[in-house]
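Participant: sequence plus the predicted model coming up.
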Amino acid sequence: MEQMFTMLLQYGTTPALVVLSFVVGLLVKKIDENSKKDEERAKRIMDTLGERIDGVESRFEERFAVHARKIDELNNRVACVERDYLPREDHYKDTAGWRAELNRIFDVIVRQLERQK
């Protein structure tokens, strides 16, 4: 390329400038074509990414709804267990007083039976 320009300069600057302007014109044309192709590629990539993001969002919403239902069901089960079954401490508190009362009643019955004999 360098040798070609030096040979053109032997004929004068005009032929060298004409060839340089032609080469620069070709480069500008090629750059424009590449920029158009890049814009098309970018648009396709953005469309593809948009579709994939929409798919991910829809799958996320479906999974979220399923998990929300499961959480509600488990909350209902926990509420039922809390409502239907007493904790052990509450059970012992409730039955501890009964034992003492039953023992006193048993003692009264035994004394009454001893008095009747």
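Facilitator: That came through fine.
Participant: for residue 77, see how far away residue 50 is.
Facilitator: Taking Cβ to Cβ, to the nearest Å as the measure, residue 50 falls 41 Å from residue 77. Quick note: C-beta positions are derived from backbone N, CA and C, even for glycine.
Participant: got it, and residue 36?
Facilitator: Counting by Cβ to Cβ - residue 36 and residue 77 are separated by 62 Å.
Participant: do the same with residue 24
Facilitator: 78 Å.
Participant: one more: residue 107?
Facilitator: From residue 107 over to residue 77 the distance is 45 Å, taken as Cβ to Cβ.
Participant: would you map out the domains in the protein?
Facilitator: 2-85, 88-117 (automatic domain parsing).
Participant: among the ones you listed, which gets the worst mean confidence?
Facilitator: Mean pLDDT is lowest for domain 88-117 among the domains of the chain, at a mean of 80.
Participant: which residue is nearest the centroid of this structure?
Facilitator: Per Cα atoms, centre = their mean, the C-alpha nearest to the average position across the chain is that of residue 60, at 6.6 Å.
Participant: dump the residue contacts of it.
Facilitator: By Cβ atoms under 8 Å, 6 or more residues apart in numbering, residue 60 lies in contact with nothing.
Participant: that one and residue 44, how far apart?
Facilitator: Where residue 44 is concerned, residue 60 sits at a distance of 24 Å (Cβ to Cβ).
Participant: what's the single longest helix in this structure?
Facilitator: Assignment by DSSP state H gives helix 13-84 as the longest helix of the chain.
Participant: which is the next helix or strand following that helix?
Facilitator: helix 88-116 (DSSP states H and E).
Participant: now do that following helix: which elements does it pack against?
Facilitator: Helix 88-116 is packed against no helix or strand, with contacts defined by 3 or more Cβ pairs under 8 Å, 6 or more residues apart in numbering; DSSP states H and E.
Participant: so how far is that helix off the chain centroid?
Facilitator: Remark: helix 88-116 is offset 61 Å from the chain centroid, using Cα atoms, centre = their mean, to the nearest Å.
Participant: which parts of that helix are buried?
Facilitator: Buried residues in helix 88-116, defined by neighbour count with 16 or more other Cβ atoms under 10 Å: none.
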